[in-house]
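*Asks:* attaching a predicted model along with its sequence, questions to come.
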Amino acid sequence: MAQHKIVVAGCGGMSNTWLDYAAQRENAEIVGLVDIFEESARKMAEKRGLNVPTFTDLSQALSATGANLVFDVTIPVSHKQIVTTAMEAGCNVLGEKPMAESYADAEDIVRISGQTGKRYAVMQNRRYLKQIRSFRDLVGSGEIGQVGSLHADFFLGPHFGGFRDAMDSPLVIDMAIHTFDQARFIIGADPVSVYCHEYNPPGSWYTGNASAICIFEMSDGSVFSYRGSWCAQGLGTSWESEWRVTGSSGTAKWDGAKLPVAEAVDTSKGPEFFLPMKQIEAAVTYEGREGHWGCLDEMFNALEQG
């Protein structure tokens, strides 16, 4: 019998990634599919060759299948309902970001997790890339000195259609959360305050604010600035953003795709108007799986090891 009996809530395109992952785990079994449109769940079961029941109601699904784990792959506005329903039914939850659509909903989820003793882990797949691991290691090596500031640019213009086009804050809630988490990961510090100005520029096809500028004060005393847009046409960045970290004796940069680069003061040479610099090589040390699969590996390891 499988250790993890999983009901998948939300049968849109992203659920394929989660189903792919579960299929290669020997100790996991999909026991039910849930979608607000049951036809979507039926089509997914047929497409994946899954002989499992389908539902429109998560409570019914959990009761009928005896599941102990829920994959929440629903849209952000549904996360609170899905996650709290699952935990109150005795299930742990692994889900797509964001945790919730509002801070109040997130607090409710944390409270119910505490009451039920059930775990909720939220997907942050940008941590699981060899390039960002290399960047984090380079920044943390001390080669560029003490970190003073961290800067990220994110400019893309995807035409998703669907729920994102109707959200109040599509960039900040559905995408920038990745970049904010990357900042925490890269410098090993947490935000303690933030100023955010979000806006919807000319030409935007989103109902809500698709652009934002944010300034974070971090717990290590550094400053993190974010500039982003989800309706920027042309000269796009990578999905992982473009990064610059300035330290007391050097700078590291990462374009989000290739390996990072860095320069630091060359103390072996004499002082000049601009101090002489030396190139710093970035090392590749991460050997885990990347993207969603790397994150899910860690989620399951944490779940199984308590």
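*Replies:* Here it is on my side, so go on.

*Asks:* in contact with the spatially closest residue to Val172 that is not a sequence neighbour, which residues?
*Replies:* Sequence neighbours aside, Ala212 is the residue nearest to Val172 in space, at 5.4 Å (criterion: CB to CB, 6 or more residues apart in numbering). C-beta here means a position set from N, CA and C on the backbone, and glycine is covered the same way. Applying CB atoms under 8 Å, 6 or more residues apart in numbering, we find Ala212 in contact with 171-172, 176, 196-199, 226-229.

*Asks:* cutoff 7 Å now
*Replies:* Taking CB atoms under 7 Å, 6 or more residues apart in numbering, we find Ala212 in contact with 171-172, 176, 196-198, 228.

*Asks:* just to be sure, it is in a strand?
*Replies:* Yes. Under DSSP: H, G, I helix; E, B strand; the rest coil, Ala212 sits within a strand.

*Asks:* now it: how far from Val110?
*Replies:* 25 Å (CB to CB, to the nearest Å).

*Asks:* in the strand or helix carrying Phe300, what counts as buried?
*Replies:* In this structure, Phe300 is located in helix 291-305 according to DSSP states H and E. Buried residues in helix 291-305, defined by neighbour count with 16 or more other CB atoms under 10 Å: 292-296, 298-300.

*Asks:* can you check stretch 6-24 too?
*Replies:* Buried, per 16+ other CB under 10 Å, within stretch 6-24: 6-11, 15, 17-19, 21-22.

*Asks:* with stretch 197-204 instead?
*Replies:* Buried residues in stretch 197-204, defined by neighbour count with 16+ other CB under 10 Å: 198, 200, 204.

*Asks:* run through the chain and note the low-pLDDT ranges.
*Replies:* Applying pLDDT under 70 to the chain picks out residues 1.

*Asks:* got a list of what the most centrally placed residue in it touches?
*Replies:* The chain has Gln124 as the residue nearest its centroid, 2.7 Å off, counting by CA atoms, centre = their mean. By CB under 7 Å, 6+ apart, the contact set of Gln124 is 97, 178, 181, 295.

*Asks:* Gly247 against Ser149, yeah?
*Replies:* No. If you go by CB atoms under 7 Å, Gly247 and Ser149 don't touch, sitting 8.9 Å apart.

*Asks:* more neighbours: those two, which one.
*Replies:* Gly247 (20 against 15; other CB atoms under 10 Å).

*Asks:* please name the nearest non-neighbouring residue to that one.
*Replies:* That would be Ile144: by CB to CB, 6+ apart, it lies 3.4 Å from Gly247.
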